[in-house]
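**Q** I would like the atomic coordinates for the input below:
(2 chains)
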Amino acid sequence: MTPLGARTFRHGIHPEEHKEATAHLPVERMPFVERYVLPLSQHAGAAARPVVRAGERVTRGQVVAEPGGFVSTTLHSPVTGRVRALAPRHHPGGRLVDSIEIEADPFATQAPPAAEPIDWRSLSDDEFVASVQRAGLVGMGGAAFPSHVKYKLPEGRRITRLIVNGCECEPFLTADHRLMVERPEAVLRGIEILTTRLGADEAVIGVELNKPDAVEILEAVLAARGGRVSSSDGGGVPVRVAPLKVKYPQGAEKMLIEALFGLEVPAGKLPLDFGMVVNNVGTMAALADWFDRGIPLIERLVTVAGPGVKRPANLLVPVGTPVRAVLEHCGGLDAETREVVMGGPMMGTPLASLDVPVLKGTSGLLAFTEASTRMPVEYTCIRCGRCVEACPQVLNPSRLARLSRAGRFEEMEAWNALDCVECGSCSFACPSGIPIVQLIRVAKSAIRDGKQRQKAAS
Amino acid sequence: MSERTPRLVVHGAPFLRQGVTTPALMRDVLIALVPVVGAAFWFFGISALLVVAAAAAGALGTEWLFGARRADGRRRGGSLADYSGALTGVILGLTLPPGLPLWMAFLGGVVAIGLGKLVWGGLGHNLFNPALVGRAFLQAAFPIAVTTWAPPGGPATLLPSNFALPLMAAAELPDAMTAATPLNLMKFGGEATALADLLRGNVAGSAGETSAAVIVLAGLWLAARRAFDWRIPVAMAGSVAALSAAIHAAAPASYPTPWFMLCSGGLLFGAVFMATDPVTSPLAPRAVWLFGLGIGALVVLIRLWGGLPEGVMYAVLLMNAATPLLERAAQPRAFGHRRRLA
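**A** Residues are numbered from 1 along each chain as shown, chains lettered A, B, ... in the order given. Model (predicted):
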């Protein structure tokens, strides 16, 4: 039964899915390694402030850095061991970032932190938000936006709908898929906690149809519960699974809302303005782990795949594990590998070094060979319009790229350049191999810098 | 692995590409032109092939001489690699009468690439369809030669007029065979050509435009490969059909049927191979519809009430000129915005 039928948003692209190598592989636990690095900035917002000193002994799950502000979150040690250093270390983004380096204790059992479940129903709203921040939760889809910020509602606002994002529209990635198949109860438990706390009237799980087993399992588990999760008033909140056509970038917040409800969240507005909160399925499971078992965000699911990986896998990886160790665990890299990407192939970050850590927002590690990632020869734009038809924001990427090349950034703002979600669909579709999304990215940051300067000057 | 980490390179995302390239798109159109050239050969013989070859030689020579250099910056011919020069040459050749003196066809190719494309800055920068710039130049410079149509004579046809040379005195000129095109017959004699002949193509006309059936098949193939914007031929043929049907219904004795309008002259060839040039047509879908509709309307106007029997060339060129305007007027509404950009 598909109550909504298979829906989708307008525009977008259909990249090859490449999920077959890992979609059926059960999650395995990445073994502990010697050394972990926790950059203090691995979430959107302010950097965390360390609360441990070099040489200090830490246990698995212990807080090692406090949030550096409201839009910031807590960091926990992924292992029992000793703080080796508080020093700048290479961040996957390429810069040196202040980090906490932790040496694992080879003799520790590394048992999960023993903690009492938290009685989340009895918390006040502010206590709930603080607790989520204490858990170090961030959006697990990749952007790593601190989750508690979304749960702090402005005075007088109410959430009517919780939207759970199980699209996983990036090619290659299968971590969310495996999570839905292997831990549907945890996902539903997270939904129960969140709908109850936010007072939502319903929850909708959007899943693309290339994961039929996930749809089936979620629906079966839901059916056993009468299609509801219980709420504080005992009545229960209806939850439904909405199968979606496979299309990229359906996991983008506003695209998902359009796909599910045909609603266009206006530019400059948030889903919150329409009583909606969008969260990843991974975030739901993480909520359940925190409130039921007291386990903060110290590990996450990572898909290791791509033509350069010898043994593709879905791994449960402690945050802070060096990428090199994860790849070694997967049999190492093929000699033909030329590029390693953190995240998905459409929006991920290319790594200049393998000696960088897995972060809270790391959904995948992909190794590409020269043949699979060779950048195309660039021709001039022939105005074919493929980028226009690809752009989910219905912008004119061809024109934006041309204006960006000419440095006409101000004009670009009038063409809604700031609405660009940087999904890369335009570059993907361009037959002339023009790095459209990069050109727009450059312009966006120039426009934002200009605005900041203006603010500072006035 | 620690002992032998591959050397990593760093690009910007996305790391996947659709795989279709600009030269491949151009090549697809060239492939679609193969049966059209075949039909031209079938009906107009060696002469048609010679005219196409001369136009292509003029286009390619000009591209080689003045186009972008190769990546090493030293050798000529870099821009030949995108196939657009070859495409322009072949399309131009197919819009010319099979009996045209070859030097004129060559000159047309030179003008098409030189004035139609390179002076604008090369591929992607020109406002007007280059092949049609070459065709318009020839029509202005040699109005008689460009409207002297040979009857279809079969594959062995080799017309003496092909070998006329520049500055020949009138007495020296080889005899030209002449026949009236279906549009001429209609315009000046009110006589309709049988639809079956128009579909097959054994009528007088430009080398590549006569066989409606072959052109439609080529267009369907291109549409199936998504090599062009199908909306343009659909809008163009649709507006010609609708307008001429209305006019024919009002006065069946004086105006041709929509079927005749669709299958005669350069309409289908123009709709499939010229109006669809991405560079000179709009990007935004609504503007694309307007562009196609506008061409169709202009064709009907010129053919039925203008001084010329055929109007596809000027209709496409006029709408090329209107493209930036259409683009401004018909931007799509961006996601999450109430109003369209103007």
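
**Q** longest helix anywhere in chain B?
**A** Longest helix in chain B, counting residues (DSSP state H): helix B:22-66.

**Q** from the chain's centroid, how far away is it?
**A** 11 Å (Cα atoms, centre = their mean, to the nearest Å).

**Q** avg pLDDT for it?
**A** Averaged over helix B:22-66, pLDDT sits at 96.

**Q** just stretch B:284-299 next, same as before
**A** Stretch B:284-299 comes out at a mean pLDDT of 95.

**Q** residues in contact with that stretch: which ones?
**A** A:385, A:388-389, A:396, B:229, B:231-240, B:243, B:261, B:267, B:270-271, B:275, B:281-282, B:311-312, B:314-316, B:318-319, B:322-323, B:326-327, B:329-332 (Cβ atoms under 8 Å, 6 or more residues apart in numbering or on different chains). The C-beta positions use only the backbone N, C-alpha and C, and glycine is treated the same way.

**Q** tell me the SS of the residue in the stretch 101-250 of chain A that chain B sits nearest to?
**A** Of all residues in the stretch 101-250 of chain A, the one sitting closest to chain B is A:Pro171 (6.3 Å; Cβ to the nearest Cβ). Under the three-state scheme (DSSP: H, G, I helix; E, B strand; the rest coil), A:Pro171 adopts coil.

**Q** my guess is it meets B:Leu16, correct?
**A** Yes. Using Cβ atoms under 8 Å, A:Pro171 is in contact with B:Leu16, at 6.3 Å.

**Q** what touches both of these two?
**A** Joint contacts of A:Pro171 and B:Leu16 (Cβ under 8 Å, 6+ apart) are A:Pro15, A:Glu16, A:Pro345, A:Met346.

**Q** farthest pair within those?
**A** A:Glu16 and A:Met346 (11.6 Å; Cβ to Cβ).

**Q** check contacts around B:Val154.
**A** Wrong residue type there; residue B:154 is Gly, not Val. B:Trp42, B:Phe43, B:Gly45.

**Q** so which of the residues you listed is the most crowded?
**A** Using other Cβ atoms under 10 Å in any protein chain shown as the neighbour test, the contacts of B:Gly154 are led by B:Phe43, with 26 neighbours.

**Q** how close does that one sit to chain A?
**A** Going from B:Phe43 to chain A by Cβ to the nearest Cβ, to the nearest Å gives 32 Å.

**Q** same question, B:Ala40
**A** Counting by Cβ to the nearest Cβ - B:Ala40 and chain A are separated by 26 Å.

**Q** in this structure that residue contacts B:Ala55, no?
**A** No. When contacts are counted by Cβ under 8 Å, B:Ala40 is not listed as touching B:Ala55 (12.0 Å).

**Q** out of these two, which sits in the busier spot?
**A** More crowded of B:Ala40 and B:Ala55, by other Cβ under 10 Å: B:Ala55, with 34 against 29.

**Q** residues in contact with the more buried one?
**A** B:Gly89, B:Val90, B:Leu92, B:Gly93, B:Leu96, B:Ala105, B:Phe106, B:Gly108, B:Gly109, B:Ala112, B:Gly134.

**Q** try 10 Å this time
**A** B:88-96, B:100, B:102, B:104-110, B:112, B:131, B:134-135, B:138, B:207 (Cβ atoms under 10 Å, 6 or more residues apart in numbering or on different chains).

**Q** just those residues: which are in helices?
**A** B:88-94, B:102, B:104-110, B:112, B:131, B:134-135, B:138.

**Q** how about residues contacting the worst-scoring helix or strand of chain B on mean pLDDT?
**A** Taking mean pLDDT, DSSP states H and E as the measure, chain B has helix B:182-189 as its least confident helix or strand, at a mean of 86. Residues outside helix B:182-189 that contact it (Cβ under 10 Å, 6+ apart): B:147, B:149, B:179-181, B:191-194, B:197-198, B:203-205, B:210, B:255-256, B:260-261, B:263-267, B:303-304, B:306-311.
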